[in-house]
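K.L.:
Build me a model from this:
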Amino acid sequence: MLTLRRSKDRGHASLGWLDSWHTFSFGEYRDAQHMGFSDLRVINDDTVQPGRGFGTHSHRDMEIITYVLDGALEHKDSLGNGSMIRPGDVQRMSAGRGVCHSEFNASQVEPVHFLQIWIEPDVMGVEPGYEEMHVPEAERRGRLRLIASPDGRSGSVTIHQDALIHAAVLDGPDQVTYVLAERRNAWVHIARGTVQVNGEMLSTGDGAQISDETHVEFTAAARAEILLFDLA
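P.N.:
Below is the predicted model of the structure:
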């Protein structure tokens, strides 16, 4: 069964310096019907204006994954990490028993557009951790490339949860099929472009919950970038 979550139905916050769309309940956006899916708790689609960003703030007991689509995001945290995250980079921060960080648009002229994803961990109070990887577009073009897993397989970042996250860049008429193991579910997020997913047409910002299916089939109608979450 495929259940659609259209882009226009998401929560929205517009603060001038920040334009943010929430697939699931977040901050002041509360929707009892969309509190997350399995261990996937947050997909925030954020655009931050030049020179602006999120000042130092704290998190705990959450796996936080940042995926940049356009621009450059400057990260600093209380673990001593400082980095510039650009398209193709995947950042994982395990908040564990507590971490503080800040995120700012590194440019004074161009906006930065990124997805911030929260996965609920399967263990609480772990030592906070940080990891970063770069996945060239060639490794995502026409295929689903694993970017996060519980064991770091295939060079992915490691998260404290039985979840697999894949990314792909598809050009029409690329077709990709992902096989779901028994009792596994999926969430699909269309970062940009237009893709047919199990017969349904999805566009930028759309999402879909997929349950009780054996596979997820993608057919690109035009150039598109997608994320697939394989969840228990």
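
K.L.:
switch to C-alpha atoms for all contacts and neighbour counts from now on
P.N.:
Noted.

K.L.:
Tell me which residues touch residue 35, please.
P.N.:
Residues near residue 35 by C-alpha atoms under 8 Å, 6 or more residues apart in numbering: 24, 25, 41.

K.L.:
Let's see if you can find the most crowded of those residues.
P.N.:
Of these, residue 24 is surrounded by the most neighbours, 23 neighbours in total, counting by other C-alpha atoms under 10 Å.

K.L.:
ok, it - contacts?
P.N.:
So residue 24 contacts 10, 11, 31, 34, 35, 36, 41, 42, 43 (C-alpha under 8 Å, 6+ apart).

K.L.:
so where does it fall, helix or strand?
P.N.:
Take DSSP states H and E as the rule and residue 24 turns out to sit in neither a helix nor a strand.

K.L.:
cool, residue 138 as well?
P.N.:
Using DSSP H and E, residue 138 falls in helix 137-140.

K.L.:
counting contacts, what elements does that helix pack onto?
P.N.:
Packing partners of helix 137-140 (3 or more C-alpha pairs under 8 Å, 6 or more residues apart in numbering; DSSP states H and E): strand 163-170.

K.L.:
Follow the chain on from the strand it packs on and name the next helix or strand.
P.N.:
strand 175-179.

K.L.:
measure the spatially most central residue of the chain to residue 177 for me?
P.N.:
Centroid-nearest residue in the chain: residue 117, 4.3 Å away (criterion: C-alpha atoms, centre = their mean). Between residue 117 and residue 177 the distance is 23 Å, computed by C-alpha to C-alpha, to the nearest Å.

K.L.:
Residue 92 too?
P.N.:
For residue 92, the distance to residue 177 - C-alpha to C-alpha - is 26 Å.

K.L.:
Those two: which is more packed in?
P.N.:
residue 92 (22 against 14).
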